[in-house]
Every structure is written in C-alpha cells, then in structure tokens.
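Asker: Fold the following, please.
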Amino acid sequence: MARHRHSRLRWWLLGGLVTFAILVVGGTWLYIHVIEGPAPAPLSLKSGAGLSAAAAAGSNSASAVAGTWRVSSGSIVGYRVNEVLAGQNNVAVGRTGDVSGSLTIRGGTVTAASFSVPMDTVKSDESERDVQFNGRIMETATYPKGTLTLTTPIALGALPGVGVIRTYHATADLSLHGQTRKVTFPLAAERTPGGLEVSGSIPILFADWDIGNPSFAGFVTTQNHGLLEFLIKFSRS
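Answerer: Here you go, the predicted model:
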C-alpha cells in the first residue's frame, strides 16, 4: 500500500512539473506573441518619392549642404538583440531620443562628425530588462555615455536631389562601456526639405567592448552580439 502511495505521489509531482512547464512556456508565448506583439521595425529612412517637384528640384551643388549641421528632434539611437525567453524567440529593442552632436560638410565632403548618448536614457518595453541594461550589462553609473566620432572623411560625390537616398561607408571610433573600438559600417543618407537624415546599424560583438553577455539566470539567453541602430536628423546650426 505504501509503495502504491509513493508511486502515485511521484506521478503527481511529475504531472505538476509538466503542467508548470506548459504554463511557463505557454504564458511566455502568449506574452511575446500576443500581449507584447512584434518588436519595432529596424530604423531606416523613408523614401522621399512623395515630394513635390518643387521640393525635389533643390540645388545639387555642394554649397547646398556645406556648413555645420546639428542633431535635431526626432533622432533615435538604440540596440537590437535576439534573445530566447523561456524557450521562445524574441527580439529585444531599446531606444532613446536623447541624442546630441553635429557634422560638418566642406567642399562636398563630410569632414567631421561626433555624437553622444546618455546610456541610462535607453529604454525598452521591459523595466526589468532596463534594470539589467543599466546595471550589470552596461554599468551606466560608471560609463554614462556612448559616443561615435568620425575618423575618416566621407566624400559625398555628386550631390543627389532632395528625397533621394544614397549609401555611403563610414569609419569611426565607437566608445561604449569604457572601451573604444574602430568601426566601419554602411549608412543611408537623404536630403529632406528641412535638413538631412542619416540611418544605419553597427554590429556589436559584446566582448569587443568588454560588455558581459546579457543572458540572465538561465531564463533569458541572448546571442553574443547585437546591433546598434540609429536614425539621426539634422538641421542647420
């Protein structure tokens, strides 16, 4: 009789564990795919195809963009990292609109550019993720700013019309988590009726910046790399 009771107890415990696992996985799936919904789309420029003929017919001489341009409102910088949350694939996205900086154009060449972001302003849709980001991952109290500084001039070539997106390559020093590394990356640029817009992404291997893997307590696992995304809008200084 005692052996029979022990057998039933084991089956009861096993059934309870299976039920718990189903609830965890099912609840996580429901949260990610139904409640939370899909991650924000990658940052990118929007085609200026809808511009009026008058707006698109602006000057194509180098002098049309020469001078100093400041980061303006509507600019966004953030991260995108693939993660697995309780067995469910998810894309973690954090962003901030607190971006400052400028670029200088002379003679059809971008001669200087520098940008800065207060790291503790980067927010995702999960407060616990933000706590981990500000704490053990990015240590924002110790390393409060991320910066990107152009190190090689960018020749713009023949200046495209307003609303035309052109691709360039940039080389810069990226400082994160107290480490500075050289990065080379493509970017898309567009003249708009009100200024300039630049968008792109930079692959980040966490170990290169001495950033600990964001995986947490066996519940959340991430890849060892992610993307730094940006959409920067400029107005004349």
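Asker: contacts for the longest strand along the chain?
Answerer: Assignment by DSSP state E gives strand 179-192 as the longest strand of the chain. For strand 179-192, contacts defined as Cβ atoms under 8 Å, 6 or more residues apart in numbering pick out 44-45, 48, 58, 64-65, 151, 159-174, 196-203, 208-210. Heads up, the C-betas are built off the backbone N, CA and C, glycines and all.
Asker: got the angle for the helix or strand following it vs strand 179-192?
Answerer: Next along the chain after strand 179-192, taking DSSP states H and E as the criterion, comes strand 195-205. In terms of direction (axes from the mean of the first three to the mean of the last three Cα atoms, to 10 degrees), strand 195-205 departs from strand 179-192 by 150 degrees.
Asker: could you pull out the strands for this protein?
Answerer: Using DSSP E, strands in the chain cover 67-71, 76-85, 88-96, 100-106, 109-118, 145-150, 154-155, 165-176, 179-192, 195-205, 220-222, 225-236.
Asker: how distant is the first one from the center of its chain?
Answerer: Its chain's C-alpha centre and that of strand 67-71 lie 22 Å apart, by Cα atoms, centre = their mean, to the nearest Å.
Asker: So which elements touch that strand?
Answerer: strand 100-106, strand 225-236 (3 or more Cβ pairs under 8 Å, 6 or more residues apart in numbering; DSSP states H and E).
Asker: Columns distance to residue 38 and mean neighbour count on top of those, output as CSV?
Answerer: Output for those, formatted as CSV (distance: least, Cβ to Cβ, whole Å; neighbours: other Cβ atoms under 10 Å):
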stretch, distance to residue 38, mean neighbour count
strand 100-106, 30, 18
strand 225-236, 16, 20
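Asker: circling back: right, so of the strands of the chain, which gets closest to residue 127?
Answerer: Set against residue 127 and scored by Cβ to Cβ, the strands of the chain come closest in strand 88-96, at 11.5 Å.
Asker: who touches that closest one?
Answerer: In contact with strand 88-96 (Cβ under 8 Å, 6+ apart) are residues 25, 28-29, 32-33, 38-40, 76-84, 117-118, 121-126, 129-130, 133, 214, 222, 229.
Asker: can we see that at 6 Å?
Answerer: 28-29, 32, 39-40, 76-83, 121-124 (Cβ atoms under 6 Å, 6 or more residues apart in numbering).
Asker: List only those of those flagged as buried.
Answerer: Buried by 16 or more other Cβ atoms under 10 Å: 28, 32, 39-40, 76-81, 83, 121-124, out of the contacts of strand 88-96.
Asker: and which of these is nearest residue 235?
Answerer: Checking those against residue 235 with Cβ to Cβ, the nearest one is residue 76 at 15.6 Å.
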